[in-house]
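Need coordinates for the below:
(chains A and B)
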Protein chains: 2
Amino acid sequence: MDYAVRGPIPQRAAELKKTGRKIISCNIGNPQALGQPPLSFYRQVLSILEYPELVEIYKGNSLSHCPETAIEYAEYIQGEMDTGLGAYSDSKGHLFIREAVAQFIDRRDNTLERKGVLSDPDNIFLTDGASEGAKNIIELLIKDRMDGIMIPIPQYPLYSATIRRCGGRQVNYYLNEEMGWILTKNELEESYAKAQTENINIRAIVVINPGNPTGAVLNKKCIDEIVSFASEKGIAIIADEVYQENTYDVKFHSFAQSVWECPEVPLFSLHSVSKGFSGECGHRGGYLEIRNMPRLESTNQTMNDVLFRQASVNLCSNTVGQILVYLMVNPPPMDSEAGKLHQTEVNTILSQLRSKASIIKRSFQEMDGVQCFGKVGAMYLFPRLNLLPKQKNDFDYCMALLDSTGLTTVNGGGFGQKEGTHHLRIAFLPPKSILEEVLPKWVDFHRNYINS
Amino acid sequence: MDYAVRGPIPQRAAELKKTGRKIISCNIGNPQALGQPPLSFYRQVLSILEYPELVEIYKGNSLSHCPETAIEYAEYIQGEMDTGLGAYSDSKGHLFIREAVAQFIDRRDNTLERKGVLSDPDNIFLTDGASEGAKNIIELLIKDRMDGIMIPIPQYPLYSATIRRCGGRQVNYYLNEEMGWILTKNELEESYAKAQTENINIRAIVVINPGNPTGAVLNKKCIDEIVSFASEKGIAIIADEVYQENTYDVKFHSFAQSVWECPEVPLFSLHSVSKGFSGECGHRGGYLEIRNMPRLESTNQTMNDVLFRQASVNLCSNTVGQILVYLMVNPPPMDSEAGKLHQTEVNTILSQLRSKASIIKRSFQEMDGVQCFGKVGAMYLFPRLNLLPKQKNDFDYCMALLDSTGLTTVNGGGFGQKEGTHHLRIAFLPPKSILEEVLPKWVDFHRNYINS
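Alright, predicted model coming up:
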């Protein structure tokens, strides 16, 4: 089980840091570690829930430090939880939060106006980040060593690592780099047919949209094609949609709305408070929504029953992460002072991300043989490195880049790539001042490296 | 995978609650859901870390609502974390917290004075509650369907459920009820020998101390015997010590100090912020300490390497749970105002637990055929129910008790018990006022039930 985003390159960075070297951690999408501030409203509400006496302090002193709306939210949440942050919730998570998630999904997809299928709070599980949900599903889908899961190449290594851990088969399908990392039905068919010749029983296809590490955003037509592919083959879809707020030029389309008319296609979709504009990685909050709930072959149970029992063994996901999910799907109203400030903070974060990506992309133009395909999405750029000296590869490049500049990236091999190609992934998160300092050094490093 | 503490009885209770019935949830050790207040100091520190602007509010207004020590702690933690609660920590958890845990273990076991083996922060993993640590270990130990883990009967169902999920063999050893639920080496030998005749390859023994559901606390001699048993058989020990602060009449002895002189016995010990006096279940904080780190047969790696990669897939445990572990192992100093208040709150919680257990035990004396063996420990009583009417069993009893009184318990079958015996587990957590109201109803119910 190799886990490159926490692998040898970041481990080397940690060693360098101990010696006093300045390290810029772009190996992982960890925005607040690189100075992105938390959203004030989230933290105001959480601080009150942790220490409810604060309400009296605020009220008694008519301080202007906490908006009325945050106090109202905290009091509402406290009432709905009944038991406070220190108690286990239901195994699936607090019901009022699952209801708010369902409403968020219906709003996002315009479900009512479009006469779609409403989201069901009973089929939503609150999880410790999105990773937990993905792992639990894959574990349930792989029952035999010939069970396989289709995953994109390149992919986020959570999927390859979990499939291996469960003893199943990883079935690669390749994204088309030159066309902007898009996904073609042709490629899916070829990948599926090849797996069949190896007697692999494919259970599901993983789609990461917006893409990690590619940043590509799938359009509606492509999503519909994947749904029709899954329907024809009788397989489930695992839709990793944790970057759904991180689209900068194009609109996000959910898988949920594309399966409204395909009740035969089970869909597991994942979201998280770690990405988007929230960036609350350390709090480990997320949710899993299931549509077209499959029954398990061996028993007469639905997957909901089994996931419920699986969640019960963990008792519940952490309650603070649950509350952050609630705040993410239910932001303060725009007609309140808190809501206006919140929206400003959100807009600032997203526009800074966009602009930091552009700054990095511009530097690539100064580097011979570095090509970055596709539009900007998610939090990553995944440029191709041509012209590497013989006997060298992208791992070596990233290690040398780290040693030379302190910039910590992950080599393409950590995500999978077409044989013979080289890439790296960089999270476009550091503040502009740091980028302006390090990017010229990278350009110099690159020139020396390819000529060495 | 059956999970009784979240099973049909609590599910029936949830249904009754929806109809407006008053429910007293004693099916699970969830203290704050039953009115146990959180420790003020913990929450003061957490509220500042969630919303650091609070420091200025406190300082600027010379309010008396937050002690200076809490502000100092928060500022120290903020400095050590560097990145705040919203960022991923290292995969194993923040280093300064793992160092504090190691120091706590060494203080607890008097390691320095007794010239024992110091705890190593590098072998400590911070986890989302203790359950995550237990699951990860069992998953690594079971590599084959003939690999077995010895577990006590009765046991907490996390162990049976996880062994089943991993496809391994559960090997029961029985605790001696009449002698106060103690564990005898004889019984261990018999259980081991029986498993050998079935060609089971035993990898580890689970010991829950203090016991769940039994409350029994093992003495030093018994722990040494288990260590010597593990040494003879060449197996590891999984020590679930989450109730180590919940001893009321006797002293807790850790497994860690009993393996100082047995470097051949791998030890995995678990602790949590959910139990003890903290009761912070919803925050999901805990740690796993490994001693005598085993190497894995198949590769040349230590278990530390593999657990590290496993933890990396989850990125990290939630940071708020991590901070609570820090506060649990590093309480405010006794010479501060905050420290004095903290100690008073801790003492109150523990003495109330003790006294609530006594109140319930006294009621058992009014119930024909109810016997409760052993001393009080952990948060549970596990009385034996004799004299049940024919064709009835403890599941039926607990369901009827719930319907009649609103009291939610778990039947003995949920934990395992000797064939032909009946039990129930009750968490002694409800406030005295509620106990005084419900216990007479239980006594009446019991009389009617056994005579029906």
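
how about the strands of chain A, start to end?
In chain A, the strands defined using DSSP state E lie at A:24-25, A:124-127, A:147-153, A:169-174, A:201-208, A:236-240, A:267-272, A:286-291, A:370-371, A:380-381, A:384-385, A:407-408, A:410-411, A:424-427.

In TSV, list the ones you listed along with mean pLDDT, distance to A:Leu350 and mean neighbour count.
C-beta: built from backbone N, CA, C; applies to glycine. Formatted as TSV, these follow (pLDDT from 0 to 100; distance: least, Cβ to Cβ, whole Å; neighbours: other Cβ atoms under 10 Å in any protein chain shown):
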stretch	mean pLDDT	distance to A:Leu350	mean neighbour count
strand A:24-25	94	21	22
strand A:124-127	96	24	27
strand A:147-153	97	25	24
strand A:169-174	97	30	20
strand A:201-208	97	20	24
strand A:236-240	98	20	26
strand A:267-272	97	16	27
strand A:286-291	96	20	25
strand A:370-371	96	26	18
strand A:380-381	96	15	26
strand A:384-385	96	26	22
strand A:407-408	97	23	24
strand A:410-411	96	24	26
strand A:424-427	97	15	28
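
Now that we have those strands, can you turn them into a markdown table and tack on distance to B:Ala87?
Output for these, formatted as a markdown table (distance: least, Cβ to Cβ, whole Å):
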| stretch | distance to B:Ala87 |
| --- | --- |
| strand A:24-25 | 10 |
| strand A:124-127 | 19 |
| strand A:147-153 | 27 |
| strand A:169-174 | 30 |
| strand A:201-208 | 22 |
| strand A:236-240 | 21 |
| strand A:267-272 | 14 |
| strand A:286-291 | 16 |
| strand A:370-371 | 29 |
| strand A:380-381 | 17 |
| strand A:384-385 | 29 |
| strand A:407-408 | 14 |
| strand A:410-411 | 18 |
| strand A:424-427 | 13 |
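
For chain B, which of the ones you listed is the nearest?
Taking Cβ to the nearest Cβ, strand A:24-25 is the member of the strands of chain A nearest to chain B, at 9.4 Å.

Neighbouring strands of that closest one in the sheet, and parallel or not?
Looking at strand A:24-25 with DSSP bridges, its partner strands are strand A:407-408 (parallel).

what does the stretch 1-150 of chain A have sitting close to chain B?
Residues of the stretch 1-150 of chain A found near chain B (Cβ under 8 Å from any Cβ of the partner chain) are A:1-3, A:5-7, A:14, A:28, A:30-33, A:38, A:43-44, A:46-48, A:50-51, A:53-54, A:57, A:61, A:63, A:65, A:83-91, A:128-129, A:131-132, A:135.

Just the buried subset of these, please.
Buried residues within the residues of the stretch 1-150 of chain A next to chain B, counting neighbours by 16 or more other Cβ atoms under 10 Å in any protein chain shown: A:3, A:5-7, A:28, A:30-33, A:38, A:43-44, A:46-48, A:50-51, A:54, A:57, A:65, A:83-91, A:128-129, A:131-132, A:135.

now, which of the residues you listed lie within helices?
A:Arg43, A:Gln44, A:Leu46, A:Ser47, A:Ile48, A:Glu50, A:Leu54, A:Ile57, A:Gly129, A:Ser131, A:Glu132, A:Lys135 (DSSP state H).

Farthest-apart pair in those residues, please.
Largest separation among those by Cβ to Cβ: A:Ile57 and A:Lys135, giving 41.1 Å.

max-length helix in chain A?
Ranked by residue count, the top helix of chain A under DSSP H comes out as helix A:337-365.

which one is the residue of the stretch 151-300 of chain A found nearest chain B nearest to, not counting chain neighbours?
Residue nearest to chain B within the stretch 151-300 of chain A: A:Gly282 (3.7 Å; Cβ to the nearest Cβ). Leaving out its chain neighbours, the residue that sits closest to A:Gly282 by Cβ to Cβ, 6 or more residues apart in numbering or on different chains is B:Thr319, at 3.7 Å.

And for A:Glu177?
Among residues not flanking A:Glu177 along the chain, A:Phe373 sits closest, at 5.2 Å (Cβ to Cβ, 6+ apart).

counting contacts, what elements does the longest helix of chain A pack onto?
helix A:40-50, helix A:68-81, strand A:380-381, helix A:432-450 (3 or more Cβ pairs under 8 Å, 6 or more residues apart in numbering or on different chains; DSSP states H and E).

Run a quick check on the residue nearest to A:Gly282 versus B:Asp82, I expect a contact.
No. Contact between B:Thr319 and B:Asp82 fails when scored by Cβ atoms under 8 Å: they sit 11.9 Å apart.

mean confidence for stretch A:302-310?
Averaging pLDDT along stretch A:302-310 gives 82.

So it, near chain B or not?
Yes. Contact of stretch A:302-310 with chain B (Cβ under 8 Å from any Cβ) involves A:Val306, A:Arg309, A:Gln310.

pLDDT weak spots in chain A?
Applying pLDDT under 70 to chain A flags residues A:1-2, A:61-64, A:297-299.

For the most centrally placed residue in chain A, which residues are in contact?
Using Cα atoms, centre = their mean, the residue of chain A that lies closest to the mean C-alpha position is A:Val242, 3.4 Å off. For A:Val242, the contact set (Cβ atoms under 8 Å, 6 or more residues apart in numbering or on different chains) comprises A:Ala130, A:Asn212, A:Leu270, A:His271, A:Ser272, A:Ser274, A:Lys275, A:Gly276, A:Gly286.

For the last one, give the beta-bridge partners.
If I follow you right, that is A:Gly286. Beta bridges link A:Gly286 to A:Thr127, A:Ser272 when assigned by DSSP bridges.

so it makes contact with A:Glu132?
Yes. At 7.1 Å, A:Gly286 counts as touching A:Glu132 under the criterion of Cβ under 8 Å.

quick one: common contacting residues for those two?
Residues touching both A:Gly286 and A:Glu132 by Cβ under 8 Å, 6+ apart: A:Ser317.

So for stretch A:95-115, what gets flagged as buried?
By 16+ other Cβ under 10 Å, the buried positions in stretch A:95-115 come out as A:96-106, A:109, A:111.

Show residues contacting it.
Contact with stretch A:95-115 is made by A:77, A:80-81, A:92, A:116-122, A:124, A:126, A:254, A:256-257, A:287, A:289, A:322-323, A:325-326, A:329-330, as judged by Cβ under 8 Å, 6+ apart.

related to what we said a few turns ago, the residue nearest to A:Glu177: neighbouring residues, count only.
Using other Cβ atoms under 10 Å in any protein chain shown, A:Phe373 has 18 other residues around it.

which ones are touching it?
A:Phe373 is in contact with A:Glu177, A:Glu178, A:Met179, A:Gly180, A:Trp181, A:Arg384, counting by Cβ under 8 Å, 6+ apart.

ChimeraX command to pick out the buried ones of the residues you listed?
A single ChimeraX command selects the buried members of those (16+ other Cβ under 10 Å):
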select /A:177,181,384
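
tell me the two of the contacts of A:Phe373 that are most distant?
Most distant of these, by Cβ to Cβ, are A:Met179 and A:Arg384, 13.5 Å apart.
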